[in-house]
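> Okay, here's the prediction I keep looking at, along with the sequence it came from:
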2 protein chains.
Amino acid sequence: MSQPLNHVEVSSTPSERFEEYLQSRGMRNTKPRKLLVEHIFSSHDHFDADELLDQLPRKGREGYVSRSTVYRLLAEFVEAGLLRTIELEGRTVYEHDYGYPQHDHLHCATCNKLIEFQSDELIRLRDQLATEHRFQVKGHRLIISGECEECLTAKRKRVRRKVDLI
Amino acid sequence: MSQPLNHVEVSSTPSERFEEYLQSRGMRNTKPRKLLVEHIFSSHDHFDADELLDQLPRKGREGYVSRSTVYRLLAEFVEAGLLRTIELEGRTVYEHDYGYPQHDHLHCATCNKLIEFQSDELIRLRDQLATEHRFQVKGHRLIISGECEECLTAKRKRVRRKVDLI
DNA sequence: ATTAGGATGGAAACCCGATCTCAAAATCTA
DNA sequence: TAGATTTTGAGATCGGGTTTCCATCCTAAT
């Protein structure tokens, strides 16, 4: 059974890591940049640009970051190796990359949740398949789609309720 | 070693199959519909709407089909089970579904080619992973990205040529 | 503190595949 | 073959995530 994913040992926090990145390129560590790194790494969620904007303070409030800046910074975080993108049904979804191991996803079509898992056997199989086709692997993306436990349970409950009414 | 994919035994051609589909819905078997099914199933390629349009005769020529009709008919073919879509880096790519087995892809980042493969072991692993997470599988999508044999060979040749010049 | 130049906010522009509109053409039925 | 109905073609239009523009603000180095 694949366990909840463990963090990779890293010597510095995402914020520290990003600061180094900025330094090395002569870029400035501004309020929006600090705030967004903090926010994004304060919880381990998947999100797209819009969802992130929804989570942040509204215009006029302390800590507000504009739409254009959010887009700019998300691109920077990806560039810096902090985040990684997943293309899922048209939208671009972001997830932690720095300090987080390679993994794949189960995608629930009902509640839209992404469940992570790690499988060494998958990697082995992938490399074997590539070798058979004399293909040089750079990476892969596996998304298993279907319905998660909670949604299945909820559905079962609904059915039972209907049956009870009869 | 996974072999080139074999066609599934089917009792009728894609054209015949599509005609049945049209009949059953009281739709008409028009020239554009006949022509497009013929064209699409005359070779086993992956394509998007634009590529398909490029392959068809230009405006004014015999056999011309308009952009809007191409989009309309592609949707019909998917609905009819003739084609299946793959979302690849933003664009919608179509491939044969009818008379063709489930499979996955190797995607060459250099020449953009899609190479098909089939793996029972992958299905087994997928189902096992899903079971471990009490997840009900509907399907999956695996894309292994990297570089194909031809592109690797071409690159090697270029390097050798450079070396020769020294 | 000053200041040069990088960064941000707000809004407009963009991108572009996909869809819609509707008059004209094609198909099927009787 | 006439009539009813579906389908097509051409162009306009859409949608919405993303990018650009630029005046203003902010940061960091001096």
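Structure's in. What do you need?

> Could you tell me which residues of chain A lie near DNA strand D?
A:28-31, A:48-50, A:67-68, A:71-72, A:75, A:90-92 (Cβ under 7 Å from any atom of the strand). Placement of C-beta: from N, CA and C, glycine included.

> Between those residues, which has the least confident prediction?
Here the lowest pLDDT out of the residues of chain A next to DNA strand D sits on residue A:90, with 74.

> about what we covered before: could you tell me which of the residues of chain A next to DNA strand D belong to helices?
A:31, A:49, A:50, A:67, A:68, A:71, A:72, A:75 (DSSP state H).

> Residue A:86 is in contact with residue A:46, correct?
Yes - using Cβ atoms under 8 Å, residue A:46 is in contact with residue A:86, at 7.5 Å.

> anything in contact with each of these two?
Residues touching both residue A:46 and residue A:86 (Cβ atoms under 8 Å, 6 or more residues apart in numbering or on different chains): A:93, A:94, A:95, A:114.

> before we move on, back to that, out of the residues of chain A next to DNA strand D, which end up buried?
Buried members of the residues of chain A next to DNA strand D, counted by 16 or more other Cβ atoms under 10 Å in any protein chain shown: residue A:48.

> near chain B, which of the residues of chain A next to DNA strand D show up?
Checking those against chain B by Cβ under 8 Å from any Cβ of the partner chain, the ones in range are residue A:90.

> Nearest to residue A:128 among the residues of chain A next to DNA strand D?
The nearest member of the residues of chain A next to DNA strand D to residue A:128, counting by Cβ to Cβ, is residue A:92 at 30.7 Å.

> who does that closest one bridge with?
residue A:87 (DSSP bridges).

> Am I right that it is in contact with residue A:85?
Yes - contact status for residue A:92 versus residue A:85: in contact at 5.4 Å, counting by Cβ under 8 Å.

> Spell out which parts of chain A neighbour DNA strand C.
So chain A meets DNA strand C at A:22, A:26-28, A:30, A:32-33, A:59, A:64-69, A:72-73 (Cβ under 7 Å from any atom of the strand).

> Any part of the strand or helix carrying residue A:106 near chain B?
Here residue A:106 sits within strand A:104-108, counting by DSSP states H and E. Yes - Strand A:104-108 is in contact with chain B by Cβ under 8 Å from any Cβ, via A:106, A:108.

> Next, see if whichever helix or strand comes after that strand gets close to chain B.
Scanning forward in sequence from strand A:104-108 by DSSP H and E, the next helix or strand is strand A:114-117. Yes - Strand A:114-117 lies within reach of chain B by Cβ under 8 Å from any Cβ, at A:115, A:117.

> got it, and stretch A:134-142?
Yes - interface with chain B: stretch A:134-142 contributes A:134, A:135, A:136, A:137, A:138, A:139, A:140, A:141, A:142 (Cβ under 8 Å from any Cβ).

> Next: stretch A:93-100.
No - contact between stretch A:93-100 and chain B is absent, the nearest approach being 12.9 Å (criterion: Cβ under 8 Å from any Cβ).

> would you put the C-alpha positions of that stretch in PDB?
Output in PDB follows, covering the C-alpha atoms of stretch A:93-100 (Å, rounded to 0.1, in the frame of the first residue of the first chain):
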ATOM      1  CA  VAL A  93      -3.200  23.400 -11.700                       C
ATOM      2  CA  TYR A  94      -0.200  24.100  -9.400                       C
ATOM      3  CA  GLU A  95       1.300  21.900  -6.700                       C
ATOM      4  CA  HIS A  96       4.400  21.900  -4.500                       C
ATOM      5  CA  ASP A  97       7.500  20.700  -6.200                       C
ATOM      6  CA  TYR A  98      10.300  21.900  -3.800                       C
ATOM      7  CA  GLY A  99      10.800  19.400  -1.000                       C
ATOM      8  CA  TYR A 100       8.200  17.100  -2.500                       C
END
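
> Just the ones of the residues of stretch A:134-142 next to chain B in strands?
A:136, A:137, A:138, A:139, A:140, A:141, A:142 (DSSP state E).

> Mind listing the residues bridging to the fifth one?
Meaning residue A:140. Beta bridges link residue A:140 to residue B:144, judged by DSSP bridges.
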